[in-house]
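Student: quick one, what's the 3D model for this:
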Amino acid sequence: MNKGAIVKIAGFLVVPIILMLVVTYLLYPLMNKERYDLIVRTNGTLVDSVLMDSLARMDSLAVVDSALVAEQLEQEQLADEDETEYLNKVDSLERMIYLLSAKIDGLETSSTNQVINVNRDAAVNAGEEEFKDRVKSLLNLEENEMAPILEKMTGEQLLRLYREAGNTQREKILRALNSDRAARLITEVML
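Tutor: Presented below is the predicted three-dimensional model:
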């Protein structure tokens, strides 16, 4: 055989194959648009040989992949629902913690206020008891001994002393005061 015959036979065999490949390459986007778009999206622009390999693999794996993808989507959907439910529970628990801590703070504040009020009441009561003891000792004095002490007291102190005294002791206070001061005290009491 000569070289020319071999080239002709090879040409008749190779040229149709090349033409089929070129026609398939050019018409594939029109024949199977969805797969072509998927390939272009996932891999960008492909070289001819890579495109042919991908198409062959996709044909064989299409059925298996669709089942796996559906199963994965279902699992992701369940996971998303579980995550949403979990986040909702976490949110409700955080709200409960916030409300409980606010109640605890309120209770601490009110208990602190109660302790302060009790301490203040105890101090006032102790002060009142001490004042009453002093009033008794002052009112047990004679009028002439009480007069200089009453003259040095302020109007408020004298008024408080008068209000704490009994009837006989009030008379004693008024007799111990000079007439101007006694008049002012009675005026204050009447207001």
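Student: list the contacts of stretch 180-191.
Tutor: Leu150, Glu151, Gly155, Leu158, Leu159, Tyr162, Arg163, Ile173, Leu174, Leu177 (C-beta atoms under 8 Å, 6 or more residues apart in numbering). For the C-beta atoms, the positions are set from N, CA and C on the backbone; glycine is no exception.
Student: okay, and which of those map to strands?
Tutor: Using DSSP state E, no member of these falls within strands.
Student: in the residues you listed, find the pair that's most separated.
Tutor: Across these, no pair lies farther apart than Glu151 and Arg163, at 18.9 Å, counting by C-beta to C-beta.
Student: so among the contacts of stretch 180-191, which ones count as buried?
Tutor: Among these, those buried by neighbour count (16 or more other C-beta atoms under 10 Å) are Leu150, Leu158, Leu159, Tyr162, Ile173, Leu174, Leu177.
Student: can you get me a residue count around the residue lying closest to the second one once chain neighbours are set aside?
Tutor: With C-beta to C-beta, 6 or more residues apart in numbering as the measure, Leu185 is the residue that lies nearest to Leu158, at 5.8 Å, once sequence neighbours are left out. The burial count assigned to Leu185 is 20, neighbours taken as other C-beta atoms under 10 Å.
Student: any idea which element Leu185 lies in?
Tutor: helix 179-190 (DSSP states H and E).
Student: what's the average pLDDT for that helix?
Tutor: Mean pLDDT, computed over helix 179-190, is 88.
Student: pLDDT averaged over whichever strand or helix holds Leu107 - what is it?
Tutor: Following DSSP H and E, one finds Leu107 within helix 48-139. Helix 48-139 shows a mean pLDDT of 72.
Student: same deal with stretch 28-41?
Tutor: Throughout stretch 28-41, pLDDT has a mean value of 74.
Student: give me the buried positions along it.
Tutor: So for stretch 28-41, counting by 16+ other C-beta under 10 Å, buried means Tyr28, Arg35, Tyr36, Ile39.
Student: so the third one makes contact with Pro29?
Tutor: What it means is Tyr36. Yes. Contact status for Tyr36 versus Pro29: in contact at 4.4 Å, counting by C-beta atoms under 8 Å.
Student: Throw the buried residues of stretch 28-41 into JSON lines and include distance to Val22 and secondary structure, thanks.
Tutor: Converted to JSON lines, these look like this (distance: C-beta to C-beta, whole Å; DSSP: H, G, I helix; E, B strand; the rest coil):
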{"residue": "Tyr28", "distance to Val22": "11", "secondary structure": "helix"}
{"residue": "Arg35", "distance to Val22": "19", "secondary structure": "helix"}
{"residue": "Tyr36", "distance to Val22": "16", "secondary structure": "helix"}
{"residue": "Ile39", "distance to Val22": "18", "secondary structure": "helix"}
